[in-house]
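J.: need a structure here:
(one chain, ligands or ions: 1)
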Amino acid sequence: MNQNPIPYIDEDLQALQESARRFAEERIKPGFLERDQTRVLDRALLREMGELGFICPELPEEFGGLGMGTVAAGVIHEEIARADLSFSYLNLLASLNGQILSKYGNPEVVGPWLKKLIAGEAICAIALTEPRGGSDAANLRLKIDRDGDFYVINGEKTSISAADQADIAVVFGRTGTPEDKAHGVTALMVPMNTPGITTNRFDCHGQRAIGRGSIFFENVRVPVSHRLGDENKGFVQVMHGFDFSRALIGLQVLAVARVALEETWEYITQREAFGQPLSAFQGVTHPLAQFDTEVEGARLLCYQGLWLKDRGLPHTAEAGMAKWWGPKLAYDVIHQCLLCYGHGGYDRGVMEQRMRDVLGFQIGDGTAQIMKTIIARVRAGRKFVPA
Ligand SMILES: Cc1cc2nc3c(=O)[nH]c(=O)nc-3n(C[C@H](O)[C@H](O)[C@H](O)COP(=O)(O)OP(=O)(O)OC[C@H]3O[C@@H](n4cnc5c(N)ncnc54)[C@H](O)[C@@H]3O)c2cc1C
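T.: Numbers count the residues shown, from 1 in each chain. Now for the predicted structure:
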């Protein structure tokens with residue numbers, strides 16, 4: 001493995017990286033294959049991760065965080081993901097939602113939930129996608145009506161990660177008219193045990209331990225104090241949080257690709273064919289060398305996105321780049337690694353599970369096409385790049 005330090009990770013962060021790796025190797029990695037079968041994320045293990053300060057280290061201390069930068073979140077995220085991408089989904093959801101709740105929520109309402117989230121005592125889902133489509137996210141239809149001091153929610157969200165395991169969800173719905181598009185959307189924090197909520201679970205290709213499903217809302221009443229940001233501004237205000245999660249997703253999938261590469265470099269020196277180790281054949285080493293090059297570059301781009309965020313600088317383009325390039329590259333890398341193992345790679349096991357796990361991120365949180373449109377809008381200007 002390339003252990004060379006990179007400029008984004010100073011000595012303190014290296015120490016954090018080492019302790020996160022120890023925890024991930026000892027506590028998370030052993031259950032990697034089993035969790036894909038049982039499809040349950042162990043809450044006790046989640047609490048252990050919280051106790052060690054590995055969830056939302058970027059959040060301010062007043063909410064229970066460590067007040068570290070988002071680069072610290074990235075460092076931990078990589079280590080958890082290399083042990084089990086599904087488990088690291090919990091870090092991703094906590095960081096994405098933690099940022100939204102802390103920035104836009106009423107502190108008295110969101111404060112206790114943030115503490116639970118950081119302690120590993122709660123899971124928060126994010127519910128944006130609807131059955132009629134996810135890419136055109138601002139065109140959502142889930143209905144939110146005001147009734148005195150309450151909002152009443154009716155409709156369906158679908159393809160929501162951790163839908164049936166979450167304790168709360170950040171839910172986007174329409175308070176304005178469909179013609180208002182992005183300007184008629186409101187975000188709410190919704191406890192998942194509120195009467196009127198039901199969920200189901202899909203039979204996913206990968207990321208099976210975190211899982212995806214639909215959330216159905218039937219006259220679900222949530223106090224107005226649970227609103228995140230201003231009424232009708234949920235989309236415009238809150239969606240900026242996705243730049244953070246996009247850079248994290250890049251690191252998450254590339255961490256899986258990096259561990260796959262490490263194991264494969266080792267394997268090809270051990271396995272022999274035609275009287276030589278596989279590493280003697282350029283047909284085996286050159287594709288790996290090329291992918292290793294691209295992974296090193298893509299990883300730096302993800303950290304650049306987080307580094308810019310920590311300095312309050314624009315990072316939307318970098319986040320979009322991390323989000324489309326990382327998952328595509330990670331999938332192609334793991335595919336190549338799997339082929340190096342010959343028939344053994346094709347059996348159920350670590351390598352094929354990694355390939356299934358990373359594939360979901362070519363769709364979840366926005367496809368490559370949508371990311372490229374976002375990058376084009378930053379570069380060319382929004383008015384020159386219609387949807
Ligand atoms: C593993 C996984 C986890 C997920 N987790 C969540 C979650 O936690 N919360 C949540 O809200 N959603 C989640 N999703 C849903 C995800 O965000 C949507 O699936 C995604 O945004 C795409 O929406 P869609 O599936 O409706 O595809 P569509 O919007 O129907 O798009 C279909 C295809 O058309 C392309 N396309 C659409 N519009 C354009 C355009 N303007 N230009 C070019 N191409 C276009 C798309 O790129 C795609 O290839 C998850 C999905 C997956 C697979």
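J.: Could I get the full set of strands for the stretch 251-387 of the chain?
T.: Using DSSP state E, counting those that start in this stretch, the strands of the stretch 251-387 of the chain run over 272-273, 276-277.
J.: how about the ones you listed in JSON lines, adding distance to the ligand, mean neighbour count and mean pLDDT?
T.: Heads up, the C-betas are built off the backbone N, CA and C, glycines and all. Shown next, in JSON lines, are the strands of the stretch 251-387 of the chain (distance: least, Cβ to the nearest ligand atom, whole Å; neighbours: other Cβ atoms under 10 Å; pLDDT from 0 to 100):
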{"stretch": "strand 272-273", "distance to the ligand": "37", "mean neighbour count": "12", "mean pLDDT": "98"}
{"stretch": "strand 276-277", "distance to the ligand": "37", "mean neighbour count": "12", "mean pLDDT": "98"}
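J.: Leu278 is in contact with Cys340, isn't it?
T.: Yes: shown here, Leu278 and Cys340 form a contact pair, counting by Cβ atoms under 8 Å, at 6.9 Å.
J.: Show me which residues of the protein are close to the ligand?
T.: By the criterion of Cβ under 6 Å from any ligand atom, the positions of the chain lying close to the ligand are 125-129, 133-135, 159-161, 207, 212, 360, 363-367, 369-370, 387.
J.: Just give me the neighbour total for Leu114.
T.: 25 (other Cβ atoms under 10 Å).
J.: quick one, what contacts the closest residue to Trp113 other than its chain neighbours?
T.: Spatial nearest neighbour of Trp113, chain neighbours left out: Ile168 (5.8 Å); criterion: Cβ to Cβ, 6 or more residues apart in numbering. Under the criterion of Cβ atoms under 8 Å, 6 or more residues apart in numbering, the neighbours of Ile168 are Trp113, Ala122, Ile123, Cys124, Ala125, Met189, Val190, Pro191, Met192.
J.: Model confidence score at the residue in the stretch 101-250 of the chain positioned nearest to the ligand, please.
T.: Nearest to the ligand in the stretch 101-250 of the chain, going by Cβ to the nearest ligand atom, is Gly134, at a distance of 2.4 Å. With respect to pLDDT, Gly134 has a value of 92.
J.: if I look at it, how far off is Ile126?
T.: Separation of Gly134 from Ile126 (Cβ to Cβ, to the nearest Å): 12 Å.
J.: Then Glu263?
T.: 32 Å.
J.: and if you look at Ala72?
T.: Here the criterion is Cβ to Cβ. By it, Ala72 lies 22 Å from Ile126.
J.: in this protein, which helix or strand is least confident?
T.: Lowest mean confidence among the helices and strands of the chain (mean pLDDT, DSSP states H and E): helix 234-238, at a mean of 87.
J.: Show residues contacting that helix.
T.: For helix 234-238, contacts defined as Cβ under 8 Å, 6+ apart pick out 100, 104, 137-138, 170, 172-173, 182-183, 185-188, 228-230.
J.: Mark which of those are buried, thanks.
T.: Among these, the ones that count as buried by 16 or more other Cβ atoms under 10 Å are 100, 104, 137-138, 170, 172-173, 182, 185-188, 228-229.
J.: Okay, and which of those residues map to helices?
T.: In this view, the buried ones among the contacts of helix 234-238 that belong to helices under DSSP state H are Ile100, Tyr104.
J.: Out of the buried ones among the contacts of helix 234-238, which comes closest to Tyr303?
T.: Looking at the buried ones among the contacts of helix 234-238 and their distance to Tyr303, the nearest is Ile100, at 22.3 Å (Cβ to Cβ).
J.: which ones are touching that closest one?
T.: Here Ile100 is in contact with Ile126, Val170, Ala187, Leu228, Val238, Gly241 (Cβ under 8 Å, 6+ apart).
J.: could you redo the last one with a cut-off of 10 Å?
T.: Ile100 is in contact with 110, 124, 126, 170, 187, 189, 228-229, 234, 237-242, 244-245, counting by Cβ atoms under 10 Å, 6 or more residues apart in numbering.
J.: Take these and keep only those in strands.
T.: Secondary structure defined by DSSP state E assigns Cys124, Ile126, Val170, Ala187, Met189, Leu228 of these to strands.
J.: possible to save those as CSV with pLDDT?
T.: Converted to CSV, the ones in strands among the contacts of Ile100 look like this (pLDDT from 0 to 100):
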residue, pLDDT
Cys124, 98
Ile126, 97
Val170, 98
Ala187, 97
Met189, 98
Leu228, 97
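J.: Which pair in the residues you listed has the greatest spatial separation?
T.: By the measure Cβ to Cβ, Cys124 and Ala187 form the most distant pair in the ones in strands among the contacts of Ile100, at 12.4 Å.
J.: Quick check: neighbours shared by the two?
T.: Taking Cβ under 10 Å, 6+ apart as the contact rule, Cys124 and Ala187 both touch Ile100, Leu101, Val170.
J.: give me the low-pLDDT residue ranges for this structure?
T.: 1-3 (pLDDT under 70).
J.: could you redo the last one with a cut-off of 90?
T.: The chain contains residues with pLDDT under 90 at 1-5, 40, 137-138, 181, 235-241, 386-387.
J.: where along it do the helices fall?
T.: With helices called from DSSP H, the chain shows them at 11-23, 32-38, 43-51, 70-83, 85-104, 107-119, 234-238, 242-270, 282-310, 316-340, 343-346, 350-359, 368-380.
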